[in-house]
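Visitor: sharing a model prediction with you, sequence too.
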Protein chains: 2
Amino acid sequence: MRMSELSGATGIPVATVKFYLREGLLPAGTPISATSAVYDGTHVERLRLIRALIEGAALSIAQVRRVTQTLDNPPDTWHGMLGTAQSVLCGPADEGVETAPADALLRRLGWAVGECSPARADLARALARLDAGGISVSPQDLDGYAASAQAAAVIDVAALPTDTPEAALRRAVVGTVLLDNVLIALRRLAQEDVSARTFAGRRTSGAATGAAIAETSRSTG
Amino acid sequence: MRMSELSGATGIPVATVKFYLREGLLPAGTPISATSAVYDGTHVERLRLIRALIEGAALSIAQVRRVTQTLDNPPDTWHGMLGTAQSVLCGPADEGVETAPADALLRRLGWAVGECSPARADLARALARLDAGGISVSPQDLDGYAASAQAAAVIDVAALPTDTPEAALRRAVVGTVLLDNVLIALRRLAQEDVSARTFAGRRTSGAATGAAIAETSRSTG
């Protein structure tokens, strides 16, 4: 198909398609003359992936380029392919973040996680912020949160399409980012449900049901 | 204690404490003369909460004000108190977002969630983005994600301190936000672990192990 047909098939303006070509996100077509080239179904699929990464997962052009470079030189294994999704989504490496608590948690869990996995640094940073925010979480509770995250990851990996690398990376990157928001909303809603059942009318002060609820001190002496 | 002692006890500069007073986040002290007032332990605790909300959970002044207004007129029950944390953390209500998928999911789960709960709109928005991003998730998988979020929420609610409303709100707001990042990092790490075990060297193309892995088409005809 010609450039105009490629644009029509994907709903992406010709100028935008040319921009993706210049940025190296989309492979060049097969030249048929000095000034024109033809494109095929692989270009349509690539463009759909690029749009999903930019619109759906809000990735930068540089992040998209890392995904498309992986597709142009795909890793040998599906696990290696997923590693790309991980590294694209992880924040920059931090100097000076205390990694011991994250390392200890991962050792306890026994998960197969690379020493240099970018998500390891994300966990270290998140635990450091928790500590700086004065929120203490017991090792037992951390294990519980890990089990909850693992249950989500099992669904993630089982739902991964392995028919094409494009489809797998699209799901791994876009699905991971967009499902973050679903999981965050579901946690808030579950808190509401659990709180309703746990506290069931338990009052904040006055006629408290037990020693756990201390009288709220509001004196302004 | 005097203003300077309040500043010393909390490590917050006097100018910042005065700013919080002007913004109505911190209750006025008890006047002892025309130009000075004294403060007590409740002011110290309130300042610690304000700092945790601003530094730890990155809330805006307007969001912090909604938390402190709740403390100044606390709801009767702990469940009502938690509702404040929820409403502060939820995004603005969206016009025109399709709510049917979120409603259907919540009905199926049977969770006790208010019709006007702000997290309900968050879920509707997150599911709409998933759909717009071309990521389809089966009802069975959504139920699985919900179960994983519920497991985290059970830990959240059990860990909630009910000794003072300040402590409860601090944990509910700051702990919820900061643990989002911990859960997100743990999900990425668990994906790596699950992928390593699931795919264990399964190749992306060539000598595939089954029909599920179709030959990757890269022809540029």
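Guide: Sure, I can see it. Since the model is a prediction, treat every value here as computed from it, not as a measurement.

Visitor: tell me what the lowest-mean-pLDDT helix or strand in chain A is packed against?
Guide: Lowest mean confidence among the helices and strands of chain A (mean pLDDT, DSSP states H and E): helix A:78-89, at a mean of 76. Applying 3 or more C-beta pairs under 8 Å, 6 or more residues apart in numbering or on different chains; DSSP states H and E, one finds that helix A:78-89 contacts helix A:61-72, helix A:118-132, helix A:165-170, helix A:176-199, helix B:176-199. Bear in mind the C-beta positions are built from the backbone N, C-alpha and C, glycine included.

Visitor: helix or strand right after it?
Guide: Sequence order places helix A:100-109 as the next helix or strand after helix A:78-89, per DSSP states H and E.

Visitor: list the contacts of that following helix.
Guide: Residues outside helix A:100-109 that contact it (C-beta atoms under 8 Å, 6 or more residues apart in numbering or on different chains) are A:113, A:120, A:123-124, A:127-128, A:131, A:139, A:142-143, A:146, B:189.

Visitor: out of those residues, which one has the lowest pLDDT?
Guide: Ranked by pLDDT, these bottom out at A:D131, which has 86.

Visitor: count of neighbours near that one?
Guide: A count of nearby residues for A:D131, using other C-beta atoms under 10 Å in any protein chain shown, gives 15.

Visitor: how much space between it and A:V137?
Guide: Distance check for A:D131 against A:V137: by C-beta to C-beta, to the nearest Å, it reads 9 Å.

Visitor: could you dump the contacts of helix A:100-109 to a markdown table with distance to A:P31?
Guide: Below are the contacts of helix A:100-109 laid out as a markdown table (distance: C-beta to C-beta, whole Å):
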| residue | distance to A:P31 |
| --- | --- |
| A:V113 | 45 |
| A:R120 | 45 |
| A:L123 | 48 |
| A:A124 | 49 |
| A:L127 | 53 |
| A:A128 | 53 |
| A:D131 | 58 |
| A:P139 | 62 |
| A:L142 | 57 |
| A:D143 | 58 |
| A:A146 | 53 |
| B:L189 | 45 |
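
Visitor: ok now the least confident helix or strand of chain A, how far from the chain's centre?
Guide: Here the centre of helix A:78-89 is set off from its chain's centre by 11 Å, with C-alpha atoms, centre = their mean, to the nearest Å.

Visitor: spell out which residues make up each domain of chain A.
Guide: If you go by automatic domain parsing, the domain ranges for chain A are A:1-56, A:77-199.

Visitor: which of those sits most buried?
Guide: For the domains of chain A, the largest average neighbour count (mean count of other C-beta atoms under 10 Å in any protein chain shown) is found in domain A:77-199, namely a mean of 19.

Visitor: may I have the distance across it, first residue to last?
Guide: End-to-end span of domain A:77-199 (C-alpha to C-alpha, to the nearest Å): 49 Å.

Visitor: now do stretch A:127-145
Guide: Using C-alpha to C-alpha, the two ends of stretch A:127-145 sit 12 Å apart.

Visitor: return the distance of it from the chain's centre.
Guide: On C-alpha atoms, centre = their mean, the centre of stretch A:127-145 falls 21 Å from that of its chain.

Visitor: coming back round to it: mind picking the two most distant members of the contacts of helix A:100-109?
Guide: The most widely separated members of the contacts of helix A:100-109, counting by C-beta to C-beta, are A:V113 and A:D131 (20.9 Å).

Visitor: output the helices and strands packed on helix A:78-89 as JSON lines; include the columns distance to B:M1.
Guide: Listed next are those as JSON lines, based on distance: least, C-beta to C-beta, whole Å:
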{"stretch": "helix A:61-72", "distance to B:M1": "51"}
{"stretch": "helix A:118-132", "distance to B:M1": "26"}
{"stretch": "helix A:165-170", "distance to B:M1": "59"}
{"stretch": "helix A:176-199", "distance to B:M1": "34"}
{"stretch": "helix B:176-199", "distance to B:M1": "30"}
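
Visitor: wait, which of these is closest to A:D40?
Guide: helix A:165-170 (13.5 Å).

Visitor: so that closest one, near chain B or not?
Guide: Yes - residues of helix A:165-170 are located near chain B by C-beta under 8 Å from any C-beta of the partner chain, namely A:165, A:170.

Visitor: restrict that helix to CA atoms and write it as PDB.
Guide: Written as PDB, here are the backbone C-alpha positions of helix A:165-170 (Å, rounded to 0.1, in the frame of the first residue of the first chain):
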ATOM      1  CA  PRO A 165       6.300  -9.700  19.400                       C
ATOM      2  CA  GLU A 166       4.400  -6.500  18.700                       C
ATOM      3  CA  ALA A 167       1.200  -7.900  20.400                       C
ATOM      4  CA  ALA A 168       3.300  -9.200  23.400                       C
ATOM      5  CA  LEU A 169       5.100  -5.900  23.900                       C
ATOM      6  CA  ARG A 170       1.900  -3.900  23.500                       C
END
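
Visitor: quick one, what contacts the residue lying closest to A:V177 once chain neighbours are set aside?
Guide: Excluding its sequence neighbours, the residue lying closest to A:V177 (C-beta to C-beta, 6 or more residues apart in numbering or on different chains) is A:A57, at 4.1 Å. Counting by C-beta under 8 Å, 6+ apart, A:A57 touches A:173-174, A:177-178, B:133.

Visitor: low-confidence regions, chain A specifically.
Guide: Along chain A, segments meeting pLDDT under 70 span A:90-95, A:205-221.

Visitor: kindly recompute the last result at 50.
Guide: A:206-221 (pLDDT under 50).

Visitor: how close does A:A151 sit to B:A102?
Guide: As defined by C-beta to C-beta, A:A151 lies at a distance of 21 Å from B:A102.

Visitor: that's all I had, so thanks and see you.
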